[in-house]
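Asker: This is a predicted model, with the sequence first.
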Amino acid sequence: MKKKPHRHHPKRNKPSRPRNAATGLAPAAPRARARSITRATPPDWKTIAAAVAGGAGSAALGGLVVNQQILSPEAVGIGLMLGGGATAYFSDGTPRIVGTSIAAAGAGQFALALMNKRALKAHGQANPSPAPAPAQLPAPPAVPRQSANTGGMVVDMFRDAANDLDLVEDEWRYGVRDAMPGDGGEPIVIDLDEAA
């Protein structure tokens, strides 16, 4: 195999000088240094307050609507994005800032709703619907009564008072009943006309 002859192409429009030569042509203009990054003037405190109020207020309102099950989380997120975006587009000044923050809160709400739906679907669960509350709580377990001999004098007094209250309540509800004699005879009848 023969080697191809090496052809030398002359450089066009460049001065011929050695690369690292100390002498030679000086640069046409000195190179400008990189400027340090300067910050813009901070916004007015009213602007910051409007942005915070719009975002926090819309997030709280959206959470309340979802919590009361008026709308789904996705619908609330989309509604906040559209309403905030329209407000920001069609207004100027502070309402534009508030609208932008409302739209941002709506986008966050919508993204969280989609992530929640996907997570529940991945775990094989559906959105949990609130279980109906039971109509009545089950009765508490019966406490076994102690014998009359135990508990001391204070417990006995409370037990007697409770029995007396039961009798008073029965008399109030059903009226006074004459006691039957122990031998099963006729009840005692008191004639008020004769007693007077």
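Answerer: That came through, no problem.

Asker: so who does Asn163 touch?
Answerer: When contacts are counted by CB atoms under 8 Å, 6 or more residues apart in numbering, Asn163 touches no other residue. In short, each C-beta sits where N, CA and C put it, glycine included.

Asker: no no, Leu82
Answerer: So Leu82 contacts Gly106 (CB under 8 Å, 6+ apart).

Asker: With Gly85 instead?
Answerer: Gly99, Ala103.

Asker: And it, how close does it get to Val65?
Answerer: When distance is defined by CB to CB, to the nearest Å, Gly85 is 18 Å away from Val65.

Asker: Likewise for Gln136?
Answerer: 32 Å.

Asker: do Arg173 as well
Answerer: For Arg173, the distance to Val65 (CB to CB) stands at 51 Å.

Asker: how about the helices of the chain, start to end?
Answerer: 45-67, 73-90, 94-122, 152-174, 192-195 (DSSP state H).

Asker: now the first one against helix 94-122, angle please.
Answerer: Helix 45-67 and helix 94-122 meet at an angle of 40 degrees, taking axes from the mean of the first three to the mean of the last three CA atoms, to 10 degrees as the criterion.

Asker: what is the mean pLDDT for helix 45-67?
Answerer: Helix 45-67 shows a mean pLDDT of 91.

Asker: which of the residues in it are buried?
Answerer: Ala50, Ala51, Gly54, Gly55, Ser58, Ala59, Gly62, Val65, Val66 (16 or more other CB atoms under 10 Å).

Asker: For the protein, which residues score under the pLDDT cut-off?
Answerer: Per-residue confidence for the chain (pLDDT under 70) gives these ranges: 1-2, 5-34, 125-135, 140, 142-151, 175-188, 195-196.

Asker: Could you double-check that Ala88 sits in contact with Thr94?
Answerer: No. With contact defined as CB atoms under 8 Å, Ala88 does not count as touching Thr94 (11.2 Å).

Asker: For Gly106, grab the count of nearby residues.
Answerer: 24 (other CB atoms under 10 Å).

Asker: With Thr100 instead?
Answerer: Neighbours of Thr100 (other CB under 10 Å): 19.

Asker: residues in contact with Val65?
Answerer: Per CB under 8 Å, 6+ apart, neighbours of Val65: Leu71, Val76.

Asker: brain fart, Val66
Answerer: Ser72, Pro73, Val76 are the contacts of Val66 under CB under 8 Å, 6+ apart.

Asker: which of those residues has the most neighbours?
Answerer: Using other CB under 10 Å as the neighbour test, the contacts of Val66 are led by Val76, with 24 neighbours.

Asker: Hmm, that one is touching Leu64, no?
Answerer: No. Look at Val76 against Leu64 with CB under 8 Å: they stay out of range, at 9.6 Å.
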